[in-house]
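Novice: sequence isn't available, so here's the structure alone:
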């Protein structure tokens, strides 16, 4: 059995580093690793890093514009509502609006926390990076919200005959808003699939990105509804603002918080299928079908809210859809785990990996145990273990792409890089659960006491206190004998 790494292919006369970079870019693989570069120089040479650096300040500017627009719209709407109800126009001030914004944002953070926990748990077999998660979340909460706000406002004005047309907003909410909002949320999926296609190796990863984008959109939209309801109750006599805020939080923040993430999931399934399929027809029709299904589901949801269908019915239907998707997710995760095991076996047959690697790095339980054990053994061991798991997963999915005909000979160089990196991590990372305990063996009671005593602040000895000299009968200033 050979234990050598795969030999590099013979270079042709017309080969060059630029040609290799182009072949990798076409195949959707990362650029070749250039040895000897520092972290800062590697950061400067990556265009995606600079795009990310410019993305977040741009989102901060859009968030400020969104705040200004909603400040004007909500205060005007509240003033019109109070004039209609009480006969006297009461427009909230900027201080009242900001106070309501802070109070409602704290409620919306509950929904955000629940969604983040769910999607971090789902994205475990081949986790995406925190940077990509942050980009998807911020895109849905800022860019998608601002684009939807501008386009929906313009479209609602187009379909409304005059100010007396009460059905204009309903028509816009049912027939226009679903397509605009789903397109705004799904745009980040297509951008990520184009720019960092090598990062998305399964449908599960694409579902995570879409769910985070929908979660960010839902949180910001909930804040808008909360502020409007709270200000309505605060400025109208006889209405309990806090009670109204609790009711709408229970309805939107808890019962129907799954709406936007679920609709975006349908588009993500189509994009994920397109990325893993060779057929050009499927690559075009799968994302289009997913988007149309997401828009239709969103349209049905808005229609039920507009015509006044009982919320219990809507929640029940959504629960059945979510349960079906969870069952489908379990089957998909198990199938992906089996594929990873089979593809890592290909490298074991050539002697490039050990026999226990496919078992260790293709099962959820083994990977979780390795990460938990590495966490208790220090940050260096944890970072090395996470990188080893990441490289093993990418290596398996890279071989899947080669077998399925999605990646050409450009994968050979990337396989060599991953195998070299895996070999360099062997001594620092945990790579087997045989005889491994989550708690380190040196974590005993005696060692804990010894460590506590060594790190407790020591008391400094107090300086001795001397007794004062005895008093004599000699007057002060008298000559001494």
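Specialist: Yep, it's here. Because the structure is a prediction, the values reported are computed rather than measured.
Novice: in the chain, where is pLDDT below threshold?
Specialist: 1-16, 27, 35-39, 125, 161-168, 237-238, 308, 458-461, 464-481 (pLDDT under 70).
Novice: find the centremost residue of it, please.
Specialist: residue 133 (2.8 Å; C-alpha atoms, centre = their mean).
Novice: buried stuff in the strand or helix carrying it?
Specialist: Remark: residue 133 resides in helix 130-138, with elements defined by DSSP states H and E. Of all the residues in helix 130-138, those buried under the rule 16 or more other C-beta atoms under 10 Å are 132, 133, 135, 136, 137, 138. Where you see a C-beta, it was placed from the backbone N, CA and C, and this is true even at glycine.
Novice: reformat those as a markdown table; add distance to residue 22.
Specialist: Converted to a markdown table, the buried residues of helix 130-138 look like this (distance: C-beta to C-beta, whole Å):
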| residue | distance to residue 22 |
| --- | --- |
| 132 | 24 |
| 133 | 30 |
| 135 | 26 |
| 136 | 28 |
| 137 | 33 |
| 138 | 31 |
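Novice: residue 439: which of these is nearest?
Specialist: residue 133 (30.0 Å; C-beta to C-beta).
Novice: now the closest one, nearest residue through space, not along the chain?
Specialist: residue 212 (5.8 Å; C-beta to C-beta, 6 or more residues apart in numbering).
Novice: show me what the helix or strand where the one you found lies is packed up against.
Specialist: Assessed by DSSP H and E, residue 212 sits inside helix 203-235. Contacts defined by 3 or more C-beta pairs under 8 Å, 6 or more residues apart in numbering; DSSP states H and E place helix 203-235 against helix 47-86, helix 94-122, helix 130-138, helix 144-159, helix 177-195, helix 241-248, helix 259-275, helix 311-349.
Novice: relative to helix 94-122, how tilted is the longest one?
Specialist: Angle, helix 47-86 to helix 94-122, by axes from the mean of the first three to the mean of the last three C-alpha atoms, to 10 degrees: 130 degrees.
Novice: for the last one, same thing?
Specialist: For helix 311-349 and helix 94-122, the angle between their directions (the same axes, to 10 degrees) works out to 40 degrees.
Novice: and the strands in the stretch 351-481 of the chain?
Specialist: With DSSP state E, counting those that start in this stretch as the criterion, the stretch 351-481 of the chain has no strands.
Novice: and residue 209, how far from residue 138?
Specialist: Separation of residue 209 from residue 138 (C-beta to C-beta, to the nearest Å): 12 Å.
Novice: for residue 273, same thing?
Specialist: 26 Å.
Novice: what of residue 74?
Specialist: 23 Å.
Novice: how about the contacts made by residue 67?
Specialist: Residue 67 makes no contacts at all, as judged by C-beta atoms under 8 Å, 6 or more residues apart in numbering.
Novice: need the winner for burial among the helices and strands packed on helix 203-235.
Specialist: Among the helices and strands packed on helix 203-235, helix 259-275 has the highest mean neighbour count (mean count of other C-beta atoms under 10 Å), at a mean of 25.
Novice: and that one with helix 144-159, angle?
Specialist: Going by the same axes, to 10 degrees, helix 259-275 makes 100 degrees with helix 144-159.
Novice: now the angle between helix 177-195 and helix 259-275, please.
Specialist: Using the same axes, to 10 degrees: helix 259-275 against helix 177-195 is 40 degrees.
Novice: which SSE is immediately downstream of helix 259-275?
Specialist: helix 280-307.
Novice: among the helices and strands packed on helix 203-235, which is nearest residue 369?
Specialist: Of the helices and strands packed on helix 203-235, nearest to residue 369 by C-beta to C-beta is helix 311-349, at 15.1 Å.
Novice: what packs against the closest one?
Specialist: Using 3+ C-beta pairs under 8 Å, 6+ apart, helix 311-349 sits against helix 203-235, helix 259-275, helix 280-307, helix 357-360, helix 379-403.
Novice: what's the distance between the longest one and the middle of its chain?
Specialist: This points to helix 203-235. Distance, stretch centre to chain centre, for helix 203-235: 15 Å (C-alpha atoms, centre = their mean, to the nearest Å).
Novice: helices of the stretch 351-481 of the chain, start to end?
Specialist: 357-360, 364-375, 379-403, 411-425, 445-455 (DSSP state H, counting those that start in this stretch).
Novice: mind listing what's buried along the first one?
Specialist: Buried residues in helix 357-360, defined by neighbour count with 16+ other C-beta under 10 Å: 357, 358, 360.
Novice: also the longest one?
Specialist: Across helix 379-403, burial judged by 16+ other C-beta under 10 Å covers 381-382, 384-402.
Novice: could you list the domains of this protein?
Specialist: 44-309, 339-454 (automatic domain parsing).
Novice: quick one, which of the ones you listed gets closest to residue 318.
Specialist: That would be domain 44-309 among the domains of the chain, by C-beta to C-beta, at 5.8 Å.
Novice: quote the end-to-end distance of that closest one.
Specialist: 55 Å (C-alpha to C-alpha, to the nearest Å).
Novice: same question, stretch 415-434
Specialist: Note: stretch 415-434 ends 27 Å apart using C-alpha to C-alpha.
Novice: please apply the same query to stretch 121-128.
Specialist: 12 Å.
Novice: ok so, going back, residue 451: which of the buried residues of helix 130-138 is nearest?
Specialist: Looking across these and measuring by C-beta to C-beta, the closest to residue 451 is residue 133, at 35.6 Å.
Novice: check contacts around the closest one.
Specialist: Residue 133 sits in contact with 119, 208, 209, 212, where contact means C-beta under 8 Å, 6+ apart.
Novice: wait, which of these is closest to residue 334?
Specialist: Out of the contacts of residue 133, the member with the shortest distance to residue 334 (by C-beta to C-beta) is residue 208, at 17.5 Å.
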